[in-house]
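Enquirer: quick check, what structure comes out for this input:
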Amino acid sequence: MYDTIIIGAGMSGLAAGIRLAHFGQKVCILERHYTIGGLNSFYRLDGRDYDVGLHAVTNYAEKGDRRGPLGRLLRQLRFKWEEFSLSPQLGSRIAFPDTSLAFDNDLELLKSEIRDKFPGQEDAFDNLLSQILDYDDINDDNYPGSARGIVAATISDPLLIEMLFCPLMWYGNAREHDMDWGQFCIMFRSIYMEGFARPFKGVRLLLKNLIRKYRKLGGELRLRSGVQKIKIEDGRTVGVVLDDGEELEARKVVSSAGYFETMRMCEDCQSEKPSEPGRLSFVESISVIDKQPKDVGYPSTIVFFNDTNKFHWEKPEDQLCDIRTGVICSPNNFAYPAGEQLDEGFIRMTALANFDRWINLSESEYEREKIIWNDRLIESAARFIPDFRRHVKATDMFTPKTIQRFTWHTNGAIYGAPDKRLDGSTHLPNLFICGTDQGFVGIIGAIMSGVSIANRYLLRDDEE
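Expert: The predicted structure is shown next:
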């Protein structure tokens, strides 16, 4: 009998496991895949390590700064700042056809860019900042509401609105066209007010430290152990049934698989109508080049691009991918400690994709379309950064099919369902969700999600 079973060994599941094991609980994390991390993982191909999922860690804080999500998670999980070893970004851009906004981890740069390129909007932007700072993320009642409606009531320039939304939607929005006001505020703080960073060794370092601490505290991890069913008796979960038929008992269960997916695992799923799953999925091309990106004219950490003055954020219905908008990132372009730099240049490009079309391709069609769309995505990105194609010496690409394989999210939806379960509760008193469908996104958000569910529910006695 376990105190808690955790479904999924992603960032949120590992964080919940660490928090519980620290207080002496008997915890087991179950992972269907052969490795940890979900899509925030890495793989090795032709002698190279490739990060997937992680472009950058948001919510950056300098060493010694105890404010914000990063400071809280370090305290809650008993990590030292050095164990995350985060290096800040060099600088990023939002690139639209005739206007570009630079930003970094100091909000003053973005404010100065708005003053220069959108004269007359400075006071409106300061007003928006005040509303964002006043947002109370403890009170779930503040979360709903159209972010577009609220921002449009404050900022009058339509182009500035579209440009501000672009990075926020790309880095954590499961809802098409609009965002919940709470999600907008959370993402705005994490990107524009706190900013981007990256460990020199990438996501591998984060996962290594999380799993090492979890095991040191006595936590159990079982890979290749997918959950077929969540068992229920007398209105409570009593454990799980694995894909191979093995049954495990637990007093409480927490799932990072997504709300829709978790409800589908429940024995009584017919009595609980789940919300609609997410529709937004991605493709990503990873190019290895023979120079450092800055040496081919690309010094930015991340470029968020859109090829018209209206930002497109919706599932592409008529084709495999939508390359009108995208993200370009280089893991080389961070302020790493002196003497440290990746041996090869990497440029990653991400675009929206149609899960249904990708999943229904035959094997030969799938491999052919990957090559075609990899070339198209690089060509699209080359409109907004210097053309680096003659320097490419290796490429790889993942698709919605890859995302589903690593996360098991319906529709390959990285950000899960549009309707979030902010308190992590379900229809059962001892079954909870954490991660994406709780509304926590990004590396730091996912880790804090696991911590918050552990603190709120899993460390309490059943009688409470």
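
Enquirer: what about the closest residue to residue 400 other than its chain neighbours, how many neighbours?
Expert: Once flanking residues are discounted, residue 400 sits nearest to residue 412: 3.3 Å by CB to CB, 6 or more residues apart in numbering. In this view, the C-beta of every residue, glycine as well, is placed from N, C-alpha and C. Here the number of neighbours of residue 412 (other CB atoms under 10 Å) works out to 29.

Enquirer: doesn't residue 406 make contact with residue 412?
Expert: No. Between residue 412 and residue 406 there is no contact under CB atoms under 8 Å: 9.6 Å.

Enquirer: compute the distance between the residue nearest to residue 400 and residue 324, please.
Expert: As for residue 412, its distance to residue 324 is 20 Å (criterion: CB to CB, to the nearest Å).

Enquirer: tell me which stretches of the stretch 301-450 of the chain form strands.
Expert: All strands of the stretch 301-450 of the chain, identified by DSSP state E, counting those that start in this stretch, fall at 302-306, 321-329, 345-353, 392-398, 431-433.

Enquirer: centre of the chain to the fourth one, how far?
Expert: What that stands for is strand 392-398. Distance of strand 392-398 from its chain centroid, counting by CA atoms, centre = their mean, to the nearest Å, is 22 Å.

Enquirer: same thing with the last one?
Expert: Between the mean C-alpha location of strand 431-433 and the chain-wide mean there is a distance of 20 Å, by CA atoms, centre = their mean.

Enquirer: any residues touching that strand, and which ones?
Expert: Here strand 431-433 makes contact (CB atoms under 8 Å, 6 or more residues apart in numbering) with 230, 237, 252-259, 262, 266, 421, 424-426, 453, 457-458.

Enquirer: can I get the buried part of these as one ChimeraX selection?
Expert: A single ChimeraX command suffices to select whichever of these are buried according to 16 or more other CB atoms under 10 Å:
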select :230,237,252,253,254,255,256,257,258,259,262,266,421,424,426,453,457,458
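
Enquirer: among the contacts of strand 431-433, name the ones in helices.
Expert: Using DSSP state H, 259, 262, 453 are the members of the contacts of strand 431-433 that sit in helices.

Enquirer: just give me the closest of those to residue 58.
Expert: Among these, residue 453 lies closest to residue 58 (CB to CB), at 20.0 Å.

Enquirer: how many other residues sit next to the spatially closest residue to the closest one that is not a sequence neighbour?
Expert: Excluding the flanking residues, the one nearest residue 453 by CB to CB, 6+ apart is residue 434, at 4.3 Å. Neighbour count for residue 434, taken as other CB under 10 Å: 34.

Enquirer: so how far is residue 163 from residue 196?
Expert: Taking CB to CB, one finds residue 196 at 17 Å from residue 163.

Enquirer: comparing these two, which residue is more hemmed in?
Expert: Ranked by neighbour count (other CB under 10 Å), residue 196 and residue 163 place residue 196 first, with 28 against 24.

Enquirer: pLDDT value on that one, please?
Expert: On the pLDDT scale, residue 196 is placed at 96.

Enquirer: I'd assumed residue 306 was in contact with residue 312.
Expert: Yes. Residue 312 lies in contact with residue 306 (CB under 8 Å); the separation is 6.7 Å.

Enquirer: and for these two, which residues touch both?
Expert: 324-325.

Enquirer: buried ones in the longest helix seen in the chain?
Expert: The longest helix of the chain (DSSP H) is helix 363-381. Buried residues in helix 363-381, defined by neighbour count with 16+ other CB under 10 Å: 369-370, 373-374, 376-378, 380-381.

Enquirer: could you pull out the buried residues of stretch 389-399?
Expert: So for stretch 389-399, counting by 16+ other CB under 10 Å, buried means 391, 394-399.

Enquirer: try stretch 87-98
Expert: 87-96.

Enquirer: hmm, who's touching that stretch?
Expert: Contact with stretch 87-98 is made by 56, 60, 100-105, 109, 159, 162-164, 166-167, 195-200, 299-309, 333-337, 384, as judged by CB under 8 Å, 6+ apart.

Enquirer: returning to what we had before: ok, so of the ones in helices among the contacts of strand 431-433, who is nearest residue 245?
Expert: Residue 245 has its nearest neighbour among the ones in helices among the contacts of strand 431-433 in residue 262, at 20.0 Å by CB to CB.
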